[in-house]
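**Q** No letters, just coordinates:
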């Protein structure tokens, strides 16, 4: 009797498993390609699997780039305990992810780490990089995509500020065409200068019987600088608009 119940239970469990959708239990899986750090919550350290693989944890948008549906790490692995072969870079630079992972479709992404740092891969061949003092400097043309994404992506540096590890020491003079010379400093959005309107003091009317005189002060000194519009005017009025009519030693207004 016990054996029969076991058989019936096995049939029920098998039927339930067949009824589940094909991706059940896989909703938390994330695809990765290339080596990358493991979150501290998952034990920390480095995952050294270079080919496509999956994990049950995600990847942040500052240190990873999507490559054909797989997350590829573009940060500094040494900061997380990597102790394999490494190459020093200084400043921002592009990464041909397809060359690193060995796929045919070209996929160029950017690393936005400031200053000296490491990657486990060398830069792609060509004139875009110059090696000085055992470090690679990017001297190519980054293009508008780099410039547009830069204000958001440079926030990756805040992740590395509290991490204590040995960075490469680069003490040589950078090339004149280095990206750090041409695009150095924080991204700044310059707003146009506002137009400025300057008005002098209003005229005043002095009544000294039996005559009336209108005193108009000279306009203030104005300095005109490029990019700033100046509108200088001197208002003349006697308690409001209108001309002045004189009669019996008093000032009266007459409409325009």
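**A** Yep, it's here. This structure is a prediction, so every number in the text was calculated from the model and none was measured.
**Q** Can you give me the domain assignment for this structure?
**A** Following automatic domain parsing, one gets these domains for the chain: 26-182, 196-254.
**Q** rank those by mean pLDDT and give me the bottom one.
**A** Among these, domain 196-254 has the lowest mean pLDDT, at a mean of 45.
**Q** dump the residue contacts of residue 175.
**A** Taking C-beta atoms under 8 Å, 6 or more residues apart in numbering, we find residue 175 in contact with 130, 132, 137, 139, 181. The C-beta positions use only the backbone N, C-alpha and C, and glycine is treated the same way.
**Q** got a list of what the nearest residue to the last one once chain neighbours are set aside touches?
**A** Once flanking residues are discounted, residue 181 sits nearest to residue 174: 6.4 Å by C-beta to C-beta, 6 or more residues apart in numbering. For residue 174, the contacting residues are 90, 91, 132, 137, 180, 181, by C-beta under 8 Å, 6+ apart.
**Q** Please verify my assumption that the second one contacts residue 180.
**A** Yes: counting by C-beta atoms under 8 Å, residue 91 sits close enough to residue 180 to count as a contact (4.1 Å).
**Q** out of the two, which sits in the more crowded spot?
**A** Set side by side, residue 91 and residue 180 show more neighbours around residue 91, with 23 against 17, by other C-beta atoms under 10 Å.
**Q** what sits against that one?
**A** Contacts of residue 91 (C-beta under 8 Å, 6+ apart): 113, 114, 115, 137, 138, 174, 178, 179, 180.
**Q** okay, now the first one: neighbour count?
**A** Here the count is done by other C-beta under 10 Å, and residue 113 has 26 residues near it.
**Q** and if you look at residue 96?
**A** Number of residues near residue 96 (other C-beta under 10 Å) recorded here: 17.
**Q** what bridges to it?
**A** residue 108 (DSSP bridges).
**Q** going forward, begin numbering at 570 instead of 1
**A** Sure thing, new numbering starts at 570, so read that last one as residue 665.
**Q** Surely it touches residue 677?
**A** Yes: contact criterion C-beta under 8 Å: residue 665 and residue 677 qualify, at 5.6 Å.
**Q** Find residues that contact each of the two.
**A** Residues touching both residue 665 and residue 677 (C-beta under 8 Å, 6+ apart): none.
**Q** in stretch 722-734, what counts as buried?
**A** 722, 723, 725, 729 (16 or more other C-beta atoms under 10 Å).
**Q** Checking the second one next. Helix, strand or coil?
**A** Of the three states, residue 723 takes helix according to DSSP: H, G, I helix; E, B strand; the rest coil.
**Q** In helices, which of the contacts of residue 743 appear?
**A** Residues of the contacts of residue 743 located in helices (DSSP state H): 749, 750.
**Q** just the contacts of residue 743 now: which is nearest residue 733?
**A** Nearest to residue 733, judged by C-beta to C-beta, of the contacts of residue 743 is residue 659 at 19.8 Å.
**Q** count of neighbours near the closest one?
**A** Count around residue 659 with other C-beta under 10 Å applied: 24.
**Q** who's in contact with it?
**A** Taking C-beta under 8 Å, 6+ apart as the test, what residue 659 contacts is 684, 685, 686, 704, 705, 706, 737, 739, 743, 747, 749.
**Q** possible to save these as JSON lines with secondary structure and distance to residue 598?
**A** Output for the contacts of residue 659, formatted as JSON lines (DSSP: H, G, I helix; E, B strand; the rest coil; distance: C-beta to C-beta, whole Å):
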{"residue": "684", "secondary structure": "coil", "distance to residue 598": "35"}
{"residue": "685", "secondary structure": "strand", "distance to residue 598": "35"}
{"residue": "686", "secondary structure": "strand", "distance to residue 598": "30"}
{"residue": "704", "secondary structure": "strand", "distance to residue 598": "37"}
{"residue": "705", "secondary structure": "strand", "distance to residue 598": "35"}
{"residue": "706", "secondary structure": "strand", "distance to residue 598": "39"}
{"residue": "737", "secondary structure": "coil", "distance to residue 598": "35"}
{"residue": "739", "secondary structure": "coil", "distance to residue 598": "39"}
{"residue": "743", "secondary structure": "coil", "distance to residue 598": "42"}
{"residue": "747", "secondary structure": "coil", "distance to residue 598": "41"}
{"residue": "749", "secondary structure": "helix", "distance to residue 598": "39"}
